Structure formats: C-alpha cells, structure tokens
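Below are the sequence and a predicted model for it; my questions follow.
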Amino acid sequence: MSETPQPADLIVFGGTGDLSMRKLLPALYHADRDGLLAAETRIIAMSRGGLDDDDFRGKVDAEVRGSVPVDDLAIWQRFLARLHHVTIDISGEDHTGWARITALLAGHEQRDRVFYLASPPMTFGPFCRQVHRAGLVTPASRVVLEKPLGRDLASAQHINDEVGAIFHERQIFRIDHYLGKETVQNLLVLRFANAFLEPIWNSLWIDHVQITAAETVGTPGRRGYYDHAGALRDMVQNHLLQLLCLVAMEPPSRNDRESVRDEKVKVLESLRPITGGEVDRFTVRGQYTAGVSGGVQVPGYLDEPDSTPPTEASQRVETFAAIRAEVKNWRWAGVPFYLRTGKRMPYRSSEIVVQFKDVPHSIFPGSAPNRLVLRLQPSEGIRLHLMAKEPGAGEVALKPVPLSLSFAETFTARVPDAYERLLMDVLAGNPTLFMRRDEVEAAWRWIDPILSEWESQSLLPEPYPAGTAGPAGAHELLARSGRAWHEEESR
C-alpha cells in the first residue's frame, strides 16, 4: 500500500445489514482513525431502507458508536460525514435510486470504486448487471463478494460466470475473513521466514494436523438460512479449507498477488477425493439438541426461538461437521488433516494444531510429542509445546511446557480486525488474501461428493447435547488411529 491513501468510493450493497453494522463500518472507522483513508474517501450504503444521508448517519451513530473506541469526537464526526445512503431495490422497477447513485459518483470516475456485496449470493449477478447497465463500472472498479459463494460447484460456477461477465477476474475479490486474521498472517511468516521449521514441515516429522472452528452460539433466528447452508457449506468449504491450504502449501517463489494463490490451488487439487462409502468412514455430521451451554439451559436446533418453523430440511441439516482429509503429494503423504466445526460447543475457539511425531527413542519416561498450536480466536497467538524437566532432585520428571507468543502481550499496537486488513487490501488492489475463481471451484469440487452422499442418505445427523464437544462419531474418527482432539487432551 502507498504511504499516502488515495481517494476512493466504497459502495456497500446491503449497507444497513448485520454484516455492515457489526463488521464493515467499525473496521472502516478504525481505518479512518488510523489515518488510512484519504480525506475525500466516501462510504455509500445501498439498501431498501428508505433512509436519507442524515437518517443513515443517525443509525450508525446509535448502533455502531458503542462498539468502537470513540475517544476523539472530531474523528467520529469526520467518519460520519463520509457516510451516504441510497435507497435501492435491484428487483424493483423504481430506478430513482440508480439515478441518485449515478449522480453521486459522477465526476469521480478516476477514483478507485469498490462495490462491496454484503448480500446473499443470489443477488451478486443481478447487482453486477444493474451497475453495468447504469454505467457505473469503470476500469478502476472492484467488486467484493462475501461467502458463501453458491451452494455447490454448479451454483458457484454460475455466480462466477455472471459476475465475470461484468468484471475482469483481477477486479473480483472473493473475501474470507479468516485470511485477514493476524495468526493466519503469522502462519506464513512462521513457515517461510524461519529456517528451523521448513526441514521438519513434512510427513517425516508431523503425525497429523487438526483445524478447528468451534462456536458456543447456536442459530436463534437464523434457522431459515442455516437449513440451506449447514456447517459444511458455511464453514468447511471456505474457512477450514483455506487454513488447510496455508498449512500444506509449498513455499511460493515470492510473496506476490498470484504466487501464494497458485500454491493454494495446488493443495486443493491434491486433496484425496472422499466419495461413496468412504464418506461414512471419513466424515461425521451432527446436530445439537437441548443442553447446558455456559451454565444456561439452551434449546436444541429444532427448537431455537425466533426462527422459522422446523421442516424436513431442518432435521437433516448439520450444525457440526468433522472430516479426515489427506493431501496426496510427497510432502504430506500419510498425514491426516482433521477438520472440525460446530455450534453450541463448550468453548469458542479457532485454532490449528500441528502434532509432531514422538521422538524415535525416548530415554525418559512420560515424554509426549511436541505440538505447535496457532490460535486464531478468541486470543490470537502461537504456542510451541516442548518437553522440559520439572525442577527438583531425584528422578527426572518431564512436563510439557509452552513457548508462547501472545500478540496482545507482545505487541503494544492495536491488532487490526480481519475485515479492516482485508478492506485496506481491497482499496490497495492487493488480491493475495482473496480467493481466485479456480480456488473456489476446486474447493467445491472436493466438497460436492460429501454433500451429495449426505443428502442421499436416510440417516439423520448424529445428535449431541448443546455444551458438549460434538457427537461421539467425531471422537471415534480420531480414536480409530489412537489419536484425540487437542482440547480433549488438554482438559
């Protein structure tokens, strides 16, 4: 990014929605507070809200101000002054909104122009056609697509075709906020800026890898969405596979916008397909039932309040998914990658655990394999678990101890939110941390056979009580090879 921010217009479609109010606008305020936005940069929300500029600024002042550290009222007022709102309905016949956005953008065609689609994927194609019809797409335009990009390979290809008919691939930024997390950035640095790890980053020294995204929350008010998504589409196809790629990828020739993405695609294309009868052997799906979470009795998925009435799809959707994956290449042959995500788990945690093999011959009783843990949330950091001798005379007693790097404790600077980092990359035109079309489609190509097998089965997802670590099948997935999930071992 250049030292002097360049003026830009950021148009957020769905600008009054949950994502915009909780993530995008706070991230943009922090960027403004840190001097990363040019004075002329504008943030234009588009929605069906019927708001004028003052109404929208009042809404942001009421709903966002409490979630950001407003210690300088002048900066907050400056941020509010950047905000505009245009009422628009892309499915309607009223073109008043398009006339207003055209007038608002007129004369600024040379600025970077970013269209951020904080909306359902079925709107991506129609929106792009509308902005093209209105003459708003310039050579300096970019479009940001939120996940999930489709429901399967065919729908993802259809969306990519629709958007690709208006925007060049270099203008399309498919966002996955996990890739903006500080620990994910540090994973690349840890691997490729430290000489001691690369010689042991392979099947000779690594026993297995675990990638977990656990949530304590359920789906109150969101069952209508989750019935059609499920954990596999919502989390595994994008977030967890992206993390797997960063762990397993070969060193890129350089840290530029395409080399990293080239290596990630190679990993996805090397994943061993899971098809037919192997799906039952290498995957587990579950759905939470009533239980105690955080000391409070909570309902099961089918009884979540403020949701649409449960249907047959509700009974079949998974709120938990676990997969045993393999990367079939020379570096990783024989090393299982365990992916797991679930709602109503006993803890909130996203982490990568690299489990090394035991020493070839231990001369001390009680030794345990080394383990590298990269925590993405709730507190980002890196821990390397080593064996050490407990102080004292007499017989040698070993204890695993962590070498710990906590970003909050080590670095005094504020750790930027993932969306803040990614939005600045969009404004800078840097696509390195965004998914390319072939990357998205390679992920769906691997996921589709699992989805098809699950949807063809008469068996329902395995139940697990809320507040527990998932269904029994998930533990058996590792236990069959004498392994256990990291959290189970550490409790």
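Right, received. Where do you want to start? Residues are numbered from 1 along each chain as shown.

Next one: the nearest residue to R170 once chain neighbours are set aside from E439, what distance?
Nearest residue to R170, sequence neighbours excluded (C-beta to C-beta, 6 or more residues apart in numbering): P431, at 7.3 Å. Backbone N, C-alpha and C define where each C-beta goes, glycine included. Relative to E439, P431 is positioned 11 Å away (C-beta to C-beta, to the nearest Å).

repeat for K357
Using C-beta to C-beta, one obtains 31 Å as the distance from K357 to E439.

quick one, which of the two is more surrounded?
For K357 versus E439, the count of surrounding residues by other C-beta atoms under 10 Å is larger for E439: 21 against 15.

Grab the nearest non-local neighbour of that one.
Leaving aside its chain neighbours, E439 sits nearest to V265 (5.1 Å; criterion: C-beta to C-beta, 6+ apart).

The one you found belongs to a helix, doesn't it?
Yes: when DSSP: H, G, I helix; E, B strand; the rest coil is applied, V265 is found to be in a helix.

isn't it right up against R436?
Yes: counting by C-beta atoms under 8 Å, R436 is a contact partner of V265 at 7.1 Å.

Which secondary structure state does the residue most central in space within the chain sit in?
Taking C-alpha atoms, centre = their mean, the centroid of the chain lies closest to Y178, which sits 3.5 Å from it. The three-state label given to Y178 by three-state DSSP is helix.

show me the residues around it that make contact.
Listed by C-beta atoms under 8 Å, 6 or more residues apart in numbering, the contact partners of Y178 are V184, N238, H239, Q242, L243, S350, L376, A418.

distance of it from V236?
Noted for Y178: a distance of 12 Å to V236, by C-beta to C-beta.

give me the element the residue nearest to R170 is part of.
P431 is part of no helix or strand when elements are defined by DSSP states H and E.

show me the residues around it that make contact.
Contacts for P431 were tallied using C-beta under 8 Å, 6+ apart; they are R170, F173, R257, R261, D425.

again, but for P148
Listed by C-beta under 8 Å, 6+ apart, the contact set of P148 reads P121, A229, R233, D234, Q237, N238.

if you set the cut-off to 10 Å instead, what comes out?
With contacts defined as C-beta atoms under 10 Å, 6 or more residues apart in numbering, P148 is in contact with 120-121, 155-156, 228-229, 233-235, 237-238, 440, 444.

In JSON lines, list these along with neighbour count.
Below are the contacts of P148 laid out as JSON lines (neighbours: other C-beta atoms under 10 Å):
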{"residue": "P120", "neighbour count": "11"}
{"residue": "P121", "neighbour count": "19"}
{"residue": "S155", "neighbour count": "15"}
{"residue": "A156", "neighbour count": "23"}
{"residue": "H228", "neighbour count": "13"}
{"residue": "A229", "neighbour count": "17"}
{"residue": "R233", "neighbour count": "22"}
{"residue": "D234", "neighbour count": "22"}
{"residue": "M235", "neighbour count": "25"}
{"residue": "Q237", "neighbour count": "27"}
{"residue": "N238", "neighbour count": "24"}
{"residue": "V440", "neighbour count": "27"}
{"residue": "W444", "neighbour count": "24"}
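
And the pLDDT for Q157?
On pLDDT, Q157 comes in at 96.

Now do the same for it: helix, strand or coil?
Secondary structure state of Q157, per three-state DSSP, is helix.

In contact with the residue nearest to L244 when sequence neighbours are not counted, which residues?
Distance criterion C-beta to C-beta, 6+ apart; nearest residue to L244, sequence neighbours excluded, is F337 at 5.6 Å. By C-beta under 10 Å, 6+ apart, F337 lies in contact with 208-211, 240-241, 243-244, 247-248, 267, 271, 323-327, 352.

could the contacts of P148 be laid out in a markdown table, adding distance to D89 and secondary structure?
Shown next, in a markdown table, are the contacts of P148 (distance: C-beta to C-beta, whole Å; DSSP: H, G, I helix; E, B strand; the rest coil):
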| residue | distance to D89 | secondary structure |
| --- | --- | --- |
| P120 | 14 | coil |
| P121 | 18 | helix |
| S155 | 23 | helix |
| A156 | 26 | helix |
| H228 | 23 | coil |
| A229 | 24 | coil |
| R233 | 27 | helix |
| D234 | 27 | helix |
| M235 | 31 | helix |
| Q237 | 30 | helix |
| N238 | 28 | helix |
| V440 | 28 | helix |
| W444 | 30 | helix |
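
As JSON lines, those residues with distance to G97 would be great.
Putting the contacts of P148 into JSON lines (distance: C-beta to C-beta, whole Å) gives the following:
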{"residue": "P120", "distance to G97": "19"}
{"residue": "P121", "distance to G97": "21"}
{"residue": "S155", "distance to G97": "27"}
{"residue": "A156", "distance to G97": "29"}
{"residue": "H228", "distance to G97": "28"}
{"residue": "A229", "distance to G97": "29"}
{"residue": "R233", "distance to G97": "31"}
{"residue": "D234", "distance to G97": "31"}
{"residue": "M235", "distance to G97": "34"}
{"residue": "Q237", "distance to G97": "33"}
{"residue": "N238", "distance to G97": "31"}
{"residue": "V440", "distance to G97": "30"}
{"residue": "W444", "distance to G97": "33"}
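
how far out from the middle of the chain is stretch 308-324?
Stretch 308-324 has its C-alpha centroid displaced from the chain centroid by 20 Å (C-alpha atoms, centre = their mean, to the nearest Å).

could I get it in CSV with only the CA atoms?
Extracted C-alpha coordinates of stretch 308-324, given in CSV (Å, rounded to 0.1, in the frame of the first residue of the first chain):
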residue,chain,number,x,y,z
THR,A,308,-38.9,-20.3,11.1
PRO,A,309,-40.8,-23.5,11.9
PRO,A,310,-38.6,-26.6,11.5
THR,A,311,-39.0,-28.6,8.3
GLU,A,312,-37.6,-31.8,7.0
ALA,A,313,-34.6,-29.9,5.9
SER,A,314,-34.2,-28.7,9.5
GLN,A,315,-34.0,-32.3,10.7
ARG,A,316,-31.3,-33.2,8.1
VAL,A,317,-29.0,-30.2,8.3
GLU,A,318,-25.7,-30.5,10.2
THR,A,319,-24.6,-28.0,12.8
PHE,A,320,-21.4,-30.0,13.3
ALA,A,321,-19.1,-31.5,10.7
ALA,A,322,-15.8,-33.3,11.1
ILE,A,323,-13.7,-34.7,8.2
ARG,A,324,-10.5,-36.7,7.9
